[in-house]
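J.: Need a 3D model of the following:
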Amino acid sequence: MTTDDGGLPPLPRTWRPLGPRIAAATFGVVLIGAFAWLWLQFDDETRAKVNNLEKVTVILIVLLGLLLLNGLARSRVVARADGLTVVNGYRTRRLAWSEVGTVRFPQGAPWPHLQRGEDDRISLLGIHASDGPRAATAIRELRALVAAHQP
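T.: This next block holds a predicted model:
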């Protein structure tokens with residue numbers, strides 16, 4: 001979605017990866033379903049042998065898996081008038097436009113990154129190569145916004 005004023009998208013603009021979000025939701029359902037199905041397949045005698053510590057351990061493992069999948073699904077890049085917000089998993093970085101640097105998307109890379117100097121890169125997990133044309137559009141829009149906000 002772009003506007004007629006130089007091809008810049010309207011702000012605020014949020015980019016989220018579609019493929020990884022679908023994968024996270026699918027694997028979350030599979031994870032819960034697999035453990036529930038396994039528990040239901042046990043006979044009463046086997047269920048009675050499982051102590052509370054073992055039950056809590058399995059529940060914590062499932063919750064950890066869901067937490068990791070949620071971190072993947074919540075990744076995003078948000079452009080606002082005052083700068084860029086990059087959410088990668090559970091880490092959020094807010095950058096003023098002057099701090100953004102160059103948007104790079106090397107051939108074969110799973111996601112782009114912001115090059116902010118010789119050794120300073122920030123991955124942009126909110127734009128994922130597996131999204132194909134959506135990713136290409138996101139990169140064009142983001143590069144146009146970065147260029148428009150550079151001095």
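
J.: For the chain, give the helix that spans the most residues.
T.: If you go by DSSP state H, the chain has its longest helix at helix 18-41.

J.: Could you pull up the mean pLDDT of it?
T.: For helix 18-41, mean pLDDT is 97.

J.: can you tell me the average pLDDT over the next helix or strand along the chain from that helix?
T.: Tracing the chain past helix 18-41, the next element assigned as helix or strand by DSSP states H and E is helix 44-49. What helix 44-49 shows for mean pLDDT is 96.

J.: So for stretch 96-114, what gets flagged as buried?
T.: Residues 97, 100, 101, 103, 105, 111, 112, 113, 114 are the ones in stretch 96-114 that count as buried (16 or more other CB atoms under 10 Å). In this view, the C-beta of every residue, glycine as well, is placed from N, C-alpha and C.

J.: Over to stretch 77-88?
T.: By neighbour count on 16+ other CB under 10 Å, the buried set for stretch 77-88 is 77, 78, 79, 83, 84, 85, 86, 87, 88.

J.: Output those in CSV; the columns should cover secondary structure and pLDDT.
T.: Shown next, in CSV, are the buried residues of stretch 77-88 (DSSP: H, G, I helix; E, B strand; the rest coil; pLDDT from 0 to 100):
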residue, secondary structure, pLDDT
77, strand, 98
78, strand, 98
79, strand, 97
83, strand, 96
84, strand, 97
85, strand, 98
86, strand, 98
87, strand, 98
88, strand, 97
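
J.: quick one on the thing from earlier: among the buried residues of stretch 96-114, which one lies nearest to residue 20?
T.: Checking the buried residues of stretch 96-114 against residue 20 with CB to CB, the nearest one is residue 111 at 9.3 Å.
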